[in-house]
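Asker: What follows is a predicted protein model with its sequence.
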Amino acid sequence: MNPWTAAGILEKNKLSNDLPFLVLLEIVHKGLEAPVRLVRNNEDIIWNGNIYQRFPFDFDGINEDGQELPSINLKVSNVGGLIESYIQKYNGFCDAEVTIMVVHAAHLDQKEAEYVLHLTCDATRYDEKWVTFCLSGNKEFNYRFPPNRYMRDFCKWKYKSVRCGYCGMAEPCSGTLATCRIPERFGGEPGVSG
């Protein structure tokens, strides 16, 4: 996480302040000519030469179950159906890059945001009130590394595949050496100690 600027720290530590921190949202999708830029505010703002339109949006809590990558739900107002028309036209904005930025209203002349978070849209759902984007972090965490594992008791080849080599009519094996149809081609590593 980037450290806050000196101006941001001063604004954050004030006992009272007339101007708020603003949450900016930038959605980039390959089908769009220009990104969708929104601000959670009661008026439009200009930051870094771009106009951010006022629009109601909110965040749910982070979903962390220990089984999947953490994700967060971004709820954008669906009043008027504007965002709904975009997601219907552009495949639900799946694989859209979403950037969440925090800036202070008194320092819109600064080029750097106080806080920046880069996420990817995995799923979208909507109703009459809200369009909800399920956002998660880096997609590289979805891939196993290293790609192969050495397992003693289980075959990694798909049944009747080229590597399996079996092309008979017997019932499928359970992936163990005991049920393997061609034991010489067993894809496990029986020599690995348990």
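Answerer: Perfect, I can see it now.
Asker: Show me where this structure dips below the pLDDT cut-off.
Answerer: Under the criterion pLDDT under 70, the flagged ranges of the chain are 1-2, 63, 66, 68, 138-144, 194.
Asker: the helices in it, which residues?
Answerer: 6-13, 82-89 (DSSP state H).
Asker: and the last one, which residues are buried?
Answerer: Right, the one you point to is helix 82-89. Neighbour counts over helix 82-89 (16 or more other C-beta atoms under 10 Å) mark 83, 84, 86, 87 as buried. C-beta coordinates here come from the backbone N, C-alpha and C atoms, glycine included.
Asker: What is the most widely separated pair among those?
Answerer: The most widely separated members of the buried residues of helix 82-89, counting by C-beta to C-beta, are 84 and 86 (7.3 Å).
Asker: Domain boundaries for the chain, per the record?
Answerer: 6-142, 148-194 (automatic domain parsing).
Asker: ok, of the buried residues of helix 82-89, which one's closest to residue 168?
Answerer: Of all the buried residues of helix 82-89, residue 168 sits closest to residue 87, with 49.1 Å by C-beta to C-beta.
Asker: What is the burial count for the closest residue in space to residue 89 that isn't next to it in sequence?
Answerer: Closest residue in space to residue 89, ignoring its immediate chain neighbours: residue 31 at 7.4 Å, by C-beta to C-beta, 6 or more residues apart in numbering. By other C-beta atoms under 10 Å, 10 other residues sit near residue 31.
Asker: Show me which strand runs longest in the chain.
Answerer: If you go by DSSP state E, the chain has its longest strand at strand 115-126.
Asker: Which residues does that one contact?
Answerer: For strand 115-126, contacts defined as C-beta atoms under 8 Å, 6 or more residues apart in numbering pick out 1-2, 4, 27, 71-72, 78, 83-84, 87, 92-102, 131-139.
Asker: among those residues, which ones are buried?
Answerer: Buried subset of the contacts of strand 115-126 (neighbour count, 16+ other C-beta under 10 Å): 4, 27, 71-72, 78, 83-84, 87, 92-93, 96, 98-101, 131-136.
Asker: Quick one: end-to-end distance for stretch 57-70.
Answerer: 20 Å (C-alpha to C-alpha, to the nearest Å).
Asker: So what touches it?
Answerer: For stretch 57-70, the surrounding residues in contact (C-beta under 8 Å, 6+ apart) are 23, 25, 38, 40, 71-77, 132, 136-137, 141-142.
Asker: List the buried residues of it.
Answerer: Going by 16+ other C-beta under 10 Å, stretch 57-70 has these buried residues: residue 57.
Asker: Start the count at 36 instead of 1 going forward.
Answerer: Sure thing, new numbering starts at 36, so read that last one as stretch 92-105.
Asker: now it, how far from the centre of its chain.
Answerer: 10 Å (C-alpha atoms, centre = their mean, to the nearest Å).
Asker: wait, what's in contact with the residue minimising distance to the centre of the chain?
Answerer: The residue lying closest to the centre of the chain (C-alpha atoms, centre = their mean) is residue 171, at 2.3 Å. Each residue near residue 171 by C-beta under 8 Å, 6+ apart is listed here: 104, 105, 106, 107, 154, 155, 157.
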